[in-house]
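*Asks:* Curious how this folds, go ahead:
(one chain, ligands or ions: 2)
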Amino acid sequence: MAEPESPAFQVIVLGPNGGPREDHVTGLLVRSTSMNWVPGSVVAVDAGTLLAGIIRILKNFLPDAIDEQKRMTEGPFKGLQLPAKSAEANAAHIFREIIGAVLITHPHLDHISGLAINTPILEAGSGPKPIAALPSVLSAIKNHMFNDIIWPNLSDEDGGAGLLTYQRLVEGGNTRFGMGDTRGYVRACNGLLTKCLSVSHGHSKQRFHPESGIHHRVGSTIFPPDQYMLSSRAISMDQTDGSFYSPARSPHIPPSVSGPKESMMASVESSAFFIRDHHTGREIIIFGDLEPDSVSLEPRNKRVWEAAAPKVHTGRLGAIFMECSFSDSIDDSYLYGHLCPRHVAAELSVLAAKVMELRDPASHDKKRKRPASGFGDNTGSPLSPRTKSRSNPSFERSEPRSGDVRAVDLPNTLVDRIDSKDFAGVSDTVSWENADPLPLTGLSVYIIHIKEGLDDGPPPEEQILKELRAHAEEAHLGCQFFIPDPNQGIWV
Ligand SMILES: [Zn+2]
Ligand SMILES: [Zn+2]
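*Replies:* Ligands and ions are numbered 1, 2, ... in the order given. From the prediction side, this is the model:
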């Protein structure tokens, strides 16, 4: 984690965990080093921890680490000029003036609680602070958080206090903006651009309806069973609703998961933010919570890896921040939309394969065997779900705890992807064990959202890091794994 010679980004991880402690939950700050801490030059990505994390860090370095110009001389905020004396007042200054916008990956409490509690200290006079996210995420925040019931309406919509403004992002990037490499990217803050891709994070009985702009219970009148029967978007049905299951249209869902007791579910939407330094063209990716494509009802990670691979290939992508909530001891049926080391490695193997295809496009079609990488058990294999469901008779999902569901409806584009031969995720066409350098060499992977252990045992971080490094070696990935320390800045 040493500072590289000319880093483009600095990332400060305010909240490295995914609970259960409320004061360490997910929140990061990102800035372009070229902007020198000018106002609006930092973007917060998720805000489970925000002010409390900034105050905690400042207190570790104040009042000693400050020079005559009131600039910090040490720590993650090194170089930042602080106008006040106390850590609290300086943290308020950072939130009001230096943080230009807040990006939210998904509306779970551990990613937005700090923002909700902190927002009253914003000042209407300096204009509303933008919160940028996918429409489904902002809909949830607007209707279920800043709704004058759970918390005051502090937004500038529907007669609110005007401290925040919702900036609805176009999934996959807004192609009306940017040219060439920056096509689809929009401004995140001074010096940084961003593009957001959606990913899946478990499933729920609530689904976002783009026309009404709110979430509805799946199976409500907004989504009557007949609509699924007739809609070209529908691919699988709950038999208790008198509907059908079509293996031909949903090859990735093993028949074993579509039982008569299951009801309709929708995939929970989370996000991956590509963040680009305008000055250098370097990029990082920050994922919200996500699940592996191999167990997902709506696998979408592969799209992120396809977008990332050319950036790894050209050396522009320096780091990925992704969750790894549990160690490998977790069973797939208890992941609840999260990752563990075997799945992190399997996902990164998909990226590695894409990078190898770019290095040698001709090799893509030669049916060569890729390195064996079972990652300790059959559930974490980077083989596609389709492959598993056909070739491995023992592949059965464990019954969910509360008899919940596996049926799902998928957008057309996904059905097309599933139907294409290419869906095979990491296909058996790419091999790289002798690649020099290994495909993800130079890429740093920072692990966030680890669920803290509150018992007397060793911290889960050690075990997770050990498992990740073992899988990465076995799969010949070449990337480095780190667990962020909030008291050290990360330079990329
Ligand atoms: Zn979370
Ligand atoms: Zn979550």
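
*Asks:* residues near the closest residue to residue 218 other than its chain neighbours, how many?
*Replies:* Leaving aside its sequence neighbours, residue 218 sits nearest to residue 264 (Cβ to Cβ, 6 or more residues apart in numbering; 4.5 Å). Every residue, glycine included, has its C-beta placed from N, CA and C. By other Cβ atoms under 10 Å, 25 other residues sit near residue 264.

*Asks:* so residue 264 touches residue 219, yeah?
*Replies:* Yes: contact criterion Cβ atoms under 8 Å: residue 264 and residue 219 qualify, at 5.3 Å.

*Asks:* ok, and for stretch 146-158, which residues are buried?
*Replies:* In terms of neighbour count (16 or more other Cβ atoms under 10 Å), stretch 146-158 has its buried residues at 146, 151, 153, 154, 155, 156.

*Asks:* Need the residues you listed in CSV (columns: pLDDT).
*Replies:* Listed next are the buried residues of stretch 146-158 as CSV, based on pLDDT from 0 to 100:
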residue, pLDDT
146, 98
151, 98
153, 98
154, 98
155, 98
156, 97
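
*Asks:* Can you pick out the most distant pair from those residues?
*Replies:* 151 and 156 (15.3 Å; Cβ to Cβ).

*Asks:* still on that earlier bit, which ones among the buried residues of stretch 146-158 map onto strands?
*Replies:* In strands, judged by DSSP state E, none of the buried residues of stretch 146-158 are found.

*Asks:* what's the burial count for the residue of the stretch 51-200 of the chain found nearest ligand 1?
*Replies:* As assessed by Cβ to the ion, ligand 1 sits closest to residue 110 within the stretch 51-200 of the chain, at 4.3 Å. Look at residue 110: counted by other Cβ under 10 Å, it has 23 neighbours.

*Asks:* Same question for the strand or helix carrying it: list its buried residues.
*Replies:* Using DSSP states H and E, residue 110 sits within helix 109-118. Of all the residues in helix 109-118, those buried under the rule 16+ other Cβ under 10 Å are 110, 111, 112, 113, 114, 115, 116, 118.

*Asks:* helices and strands around it, which ones?
*Replies:* strand 42-47, helix 51-61 (3 or more Cβ pairs under 8 Å, 6 or more residues apart in numbering; DSSP states H and E).

*Asks:* Report the contact partners of the nearest residue to residue 128 once chain neighbours are set aside.
*Replies:* Distances taken as Cβ to Cβ, 6+ apart place residue 165 nearest to residue 128, at 3.9 Å, with adjacent residues excluded. The contact partners of residue 165, taken as Cβ atoms under 8 Å, 6 or more residues apart in numbering, are 128, 129, 130, 131, 155, 156, 157.

*Asks:* Identify the farthest-apart pair in these.
*Replies:* 129 and 157 (13.7 Å).

*Asks:* Find the helix or strand that the closest residue to ligand 2 within the stretch 151-300 of the chain is a member of.
*Replies:* When scored by Cβ to the ion, the stretch 151-300 of the chain has residue 289 as its residue closest to ligand 2, at 3.6 Å. Counting by DSSP H and E, no helix or strand carries residue 289.

*Asks:* Would you confirm that it contacts residue 326?
*Replies:* No: counting by Cβ under 8 Å, residue 326 is not a contact partner of residue 289; they are 11.9 Å apart.

*Asks:* In terms of neighbours, single out the busier of those two.
*Replies:* Neighbours per residue (other Cβ under 10 Å) separate residue 289 from residue 326, with residue 289 holding more: 28 against 23.

*Asks:* what does the protein have sitting close to ligand 1?
*Replies:* 18, 108, 110, 289 (Cβ under 5 Å from the ion).

*Asks:* Nearest to residue 476 among those?
*Replies:* residue 289 (27.4 Å).

*Asks:* how close does that closest one sit to residue 36?
*Replies:* For residue 289, the distance to residue 36 equals 33 Å [Cβ to Cβ, to the nearest Å].

*Asks:* Let's see the pLDDT reported for whichever residue of the stretch 251-400 of the chain sits closest to ligand 1.
*Replies:* Residue nearest to ligand 1 within the stretch 251-400 of the chain: residue 289 (4.4 Å; Cβ to the ion). Here, the pLDDT recorded for residue 289 equals 98.

*Asks:* Could you find the closest non-adjacent residue to it?
*Replies:* residue 201 (4.7 Å).

*Asks:* Okay, and that neighbour sits in which element?
*Replies:* Going by DSSP H and E, residue 201 is in strand 192-204.

*Asks:* Show me what that strand packs onto, helices and strands only.
*Replies:* By 3+ Cβ pairs under 8 Å, 6+ apart, strand 192-204 packs against strand 27-32, strand 129-133, strand 186-189, strand 264-277, helix 301-313.

*Asks:* I'd assumed residue 270 was in contact with the residue nearest to residue 289.
*Replies:* Yes: using Cβ under 8 Å, residue 201 is in contact with residue 270, at 3.8 Å.

*Asks:* if I look at these two, which residues touch both of them?
*Replies:* 106, 288, 289, 290, 337.

*Asks:* what's near enough to touch whichever residue of the stretch 51-200 of the chain sits closest to ligand 2?
*Replies:* Going by Cβ to the ion, ligand 2 is nearest to residue 108 of the stretch 51-200 of the chain, at 3.5 Å. Contact partners of residue 108, counting by Cβ under 8 Å, 6+ apart, are residue 289.
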